[in-house]
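# sequence first, then the predicted structure, then my questions.
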Amino acid sequence: MMDKHMICTEGFENVLDKNGQATGFALLARLPYYRGLGLSMVEDIAVSVDGEAVPREAVRLELRGRSWSLAEMETCYDEKWNFGEKARVIVQRPGGLTPGEHRIELAERLRVSYLPFVPTTRDAKVLTLAA
């Protein structure tokens, strides 16, 4: 598994609406598996920021211009997250994050057909949000 490469150091930013108001934040992430997986096989993407867990309903995944909630990913059978591909993980959080350093923790739970268990991989990094 590629746990330590899940969180990318670039692409950490606040997400702005059309009026320039921060509605959350985003980071780039990779799948920690040596092959690609269909989105329905990604059972969960858990995010915490500065020690605070983000509710599952507040997390979305954006890949190649399309976006899914984690609930929508459960039945998405026509899209695949490829090995090494950077996906944008979007967290809905009114006001976004303050500029500066933030500790981001990411856990991805994957369903792999030939494994007798459901692996959960984790990565944590301190990322800097530009002003």
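It's in. Numbering: from 1, shown residues only.
# could you use CA atoms for every contact and neighbour count after this?
Will do.
# hey, where'd the strands end up in this protein?
Along the chain, counting by DSSP state E, strands occupy 13-16, 22-30, 37-38, 42-49, 52-53, 59-63, 66-69, 80-81, 86-92, 100-110, 120-129.
# and the second one, how far from the chain's centre?
The gap between the average C-alpha position of strand 22-30 and the chain average comes to 7 Å, counting by CA atoms, centre = their mean, to the nearest Å.
# show me what it is packed up against.
Applying 3 or more CA pairs under 8 Å, 6 or more residues apart in numbering; DSSP states H and E, we find strand 22-30 packed against strand 13-16, strand 86-92.
# strand partners (parallel or antiparallel) of the last one?
Read that as strand 86-92. strand 22-30 (antiparallel), strand 59-63 (antiparallel) (DSSP bridges).
# now it: how far from the chain's centre is it?
Worked out by CA atoms, centre = their mean, strand 86-92 lies 5 Å from the chain centre.
# so which of the strands of the chain gets nearest I7?
With CA to CA, the closest approach to I7 among these belongs to strand 22-30: 4.7 Å.
# okay, angle between that closest one and strand 100-110 too, please.
For strand 22-30 against strand 100-110, the angle by axes from the mean of the first three to the mean of the last three CA atoms, to 10 degrees is 60 degrees.
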